[in-house]
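S.K.: Provided below for reference: sequence and predicted model.
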Amino acid sequence: MIRHRIAALDALRGVAVAGIVAMNVIAYAMPPAAYINPRAYGGDGPLATGLWALGFLLVEDKFRTLFAMMFGAGVTILIERGGAHPWRAHYARMAALFVIAMAHAVLLANNDVLRTYAVIGCLLPLFIRLPLRWLLIGAAALMLGQLAVSGYVAWGWLRYWHGLATGLTSDTGPLAEVERRFGADPQMIAASLAQWQESLPERIVRRMHDWPIQLSSIAAQIPSTLATMLVGVAAWRSGLLAGVWPQKRLFCLAAWLGVPSLVALAGMALWSIMTGFNAIVTAFNALVLSAPFDMMLGIAYAALAMALFGGPLAARASTRRWAAVGRMALTNYLGTSLVFAALFAAWGLGLFGMVTRGQALALGLIPVMLMLVVSPLWLSRFRQGPAEWLWRSLAALKPLPFRQLR
């Protein structure tokens, strides 16, 4: 039973890593605005709109929630089992993770999350001993605080849009600014396409110089990401992620959180579609209004996966395969970025801006299939993935033995 519980948690982590692929492939394949708005790039016909809607409903930020939950739970597990000096080991791991994340962000990824995780990981020890109730209250307060701030800003934009639509204002300047960031602005699209023609050395120089923008991005993500990690801590300590909840309770939680979230998200998707993917409405839905429902659906996914992987699917070969993907989560996350850079960057195949949304998602299957094939084969010979070994070695400030299975 214990073995199944651990396998279920690893399998859930594997699903989270694979789900991130469906989000990241759009960020690698198209200009930034296309991530939330299909009108911006890649076609907005019925197929592209349908794929966007499915992504908005089922994928976008839900798997980021899962990934952050897994990180919060993982930090808690390692600190609980940390031996004589758990805090020293923890902060060494966070420092090492930040180094890896910086290399990842400079070389490969514009949307790296590991830097934020490393920073928030330094804060987590302040919270993980709190009672479960206070963990959840803290998570809710952080989420509501971020929603209040972003919602206040977004409300101003919605009022402006309403005034423009009803003739109360004729100033199109603000609309042009929103369109530039979240719509199909030709100049922004052209600038993005040109930027992806840079060589790898040119990218490194650019990324080394735009660190103020990167720092502001990390800071903006802290409240919501910390909230999600606190939920992960609570999910572990409550037994949800430890495999001790009965299946009926897990299925009930998944239904209670998942069904209303899907209904709300479907309404937002329909609103965006009915406005012709108006940049203000689409950005409001994707970046503000959907946030609590994304978190709720991510938690529902966790409950559903634990019920299945720890129950009827526990002995299946597919669960063991997903568990292997989860055990090599860092390797697979970084490896996905390498595959996508090789596909879309100018120093690779240079496919950025040359594919539709459907084609991009199809290409996203490549790293997922590699994860499912390579991870079990690797772990049949070694105890950990290469990135996991590097992480531990950096934390220890010395190369650790690369342990082979006997």
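M.R.: Received, thanks. All of these numbers come straight from a predicted model, not from anything done at the bench.
S.K.: what number of residues lie near Leu397?
M.R.: The tally of other residues near Leu397 (other C-beta atoms under 10 Å) stands at 9. Where C-beta positions appear, they are placed from N, C-alpha and C, glycine not excepted.
S.K.: Same check on Leu200?
M.R.: Number of residues near Leu200 (other C-beta under 10 Å) recorded here: 14.
S.K.: for the one 10 residues further on, same thing?
M.R.: Residues contacting Asp210 under the criterion other C-beta under 10 Å number 11.
S.K.: Please report phi then psi for it.
M.R.: Note on Asp210: its backbone torsions stand at phi -100, psi 30 [degrees, to the nearest 10].
S.K.: Likewise for Phe382?
M.R.: Note on Phe382: backbone dihedrals following degrees, to the nearest 10 are phi -120, psi 160.
S.K.: Does it touch Glu388 like I think?
M.R.: No - here Phe382 does not reach Glu388: they are 9.6 Å apart, not a contact under C-beta atoms under 8 Å.
S.K.: Where does the most centrally placed residue in the chain fall, secondary structure wise?
M.R.: Using C-alpha atoms, centre = their mean, the residue of the chain that lies closest to the mean C-alpha position is Arg64, 2.6 Å off. Here Arg64 sits within helix 62-80, counting by DSSP states H and E.
S.K.: any idea how far that helix is from the chain center?
M.R.: Distance, stretch centre to chain centre, for helix 62-80: 12 Å (C-alpha atoms, centre = their mean, to the nearest Å).
S.K.: For the helix or strand following that helix, buried residues please.
M.R.: Per DSSP H and E, helix 62-80 leads on to helix 86-107 as the next helix or strand towards the C-terminus. Within helix 86-107, the residues that qualify as buried by neighbour count (16 or more other C-beta atoms under 10 Å) are 89-90, 92-94, 96-98, 100-102, 104-107.
S.K.: likewise stretch 389-398?
M.R.: When burial is assessed from 16+ other C-beta under 10 Å, stretch 389-398 yields the following buried residues: Trp389, Leu390, Trp391, Arg392, Leu394, Ala395.
S.K.: and the closest residue to the third one other than its chain neighbours, what is it in contact with?
M.R.: What it means is Trp391. If the residues on either side of it in the chain are set aside, Trp391 comes closest to Ala96, at 5.5 Å by C-beta to C-beta, 6 or more residues apart in numbering. Shown in contact with Ala96 (C-beta atoms under 8 Å, 6 or more residues apart in numbering): Trp391, Arg392, Leu394, Ala395.
S.K.: what's the most distant pair in those residues?
M.R.: Taking every pair in the contacts of Ala96 and measuring C-beta to C-beta, the maximum separation is 7.4 Å, between Arg392 and Leu394.
S.K.: In contact with the closest residue to Phe71 other than its chain neighbours, which residues?
M.R.: Closest residue to Phe71 apart from its sequence neighbours, by C-beta to C-beta, 6+ apart: Tyr117 at 5.3 Å. Contacts for Tyr117 were tallied using C-beta under 8 Å, 6+ apart; they are Ala68, Phe71, Leu97, Ala101, Thr225.
S.K.: Quick one: distance of the helix or strand harbouring Tyr117 to the chain centre.
M.R.: With elements taken from DSSP H and E, the one containing Tyr117 is helix 114-121. Relative to the centre of its chain, helix 114-121 is centred 13 Å away, using C-alpha atoms, centre = their mean.
S.K.: who's in contact with stretch 39-58?
M.R.: Looking at stretch 39-58 with C-beta under 8 Å, 6+ apart, the contacting residues turn out to be 22-23, 26, 29-31, 33-34, 38, 182-184, 189, 262, 265-266, 268-269, 272-273, 276-277, 282, 285-286, 290, 297, 353, 355-358, 360-361.
S.K.: hmm, back to that, just put the contacts of Ala96 in JSON lines and tack on secondary structure and pLDDT.
M.R.: As requested, the contacts of Ala96 are exported to JSON lines (DSSP: H, G, I helix; E, B strand; the rest coil; pLDDT from 0 to 100):
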{"residue": "Trp391", "secondary structure": "helix", "pLDDT": "97"}
{"residue": "Arg392", "secondary structure": "helix", "pLDDT": "95"}
{"residue": "Leu394", "secondary structure": "helix", "pLDDT": "97"}
{"residue": "Ala395", "secondary structure": "helix", "pLDDT": "95"}
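S.K.: can I get those in JSON lines with distance to Ala345?
M.R.: Supplementary listing: the contacts of Ala96 in JSON lines, determined by distance: C-beta to C-beta, whole Å:
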{"residue": "Trp391", "distance to Ala345": "25"}
{"residue": "Arg392", "distance to Ala345": "29"}
{"residue": "Leu394", "distance to Ala345": "26"}
{"residue": "Ala395", "distance to Ala345": "30"}
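S.K.: closest to Leu12 among the residues you listed?
M.R.: Of all the contacts of Ala96, Trp391 has the smallest distance to Leu12: 20.2 Å, by C-beta to C-beta.
S.K.: Give me the pLDDT value at the residue nearest to Phe71.
M.R.: pLDDT recorded at Tyr117 is 97.
S.K.: Then Ile2?
M.R.: 39.
S.K.: Met328 now?
M.R.: What the model reports for Met328 is a pLDDT of 97.
S.K.: now Ser217
M.R.: Ser217 carries a pLDDT value of 87.
S.K.: Over to it. Which of the three states is it?
M.R.: Reducing the assignment at Ser217 to three states with DSSP: H, G, I helix; E, B strand; the rest coil gives helix.
S.K.: State the distance from it to Ala53.
M.R.: Noted for Ser217: a distance of 27 Å to Ala53, by C-beta to C-beta, to the nearest Å.
S.K.: pLDDT score for the residue lying closest to Val281 once chain neighbours are set aside?
M.R.: Counting by C-beta to C-beta, 6+ apart, the nearest residue to Val281 once its immediate chain neighbours are dropped is Thr275, at 4.7 Å. Per-residue pLDDT puts Thr275 at 93.
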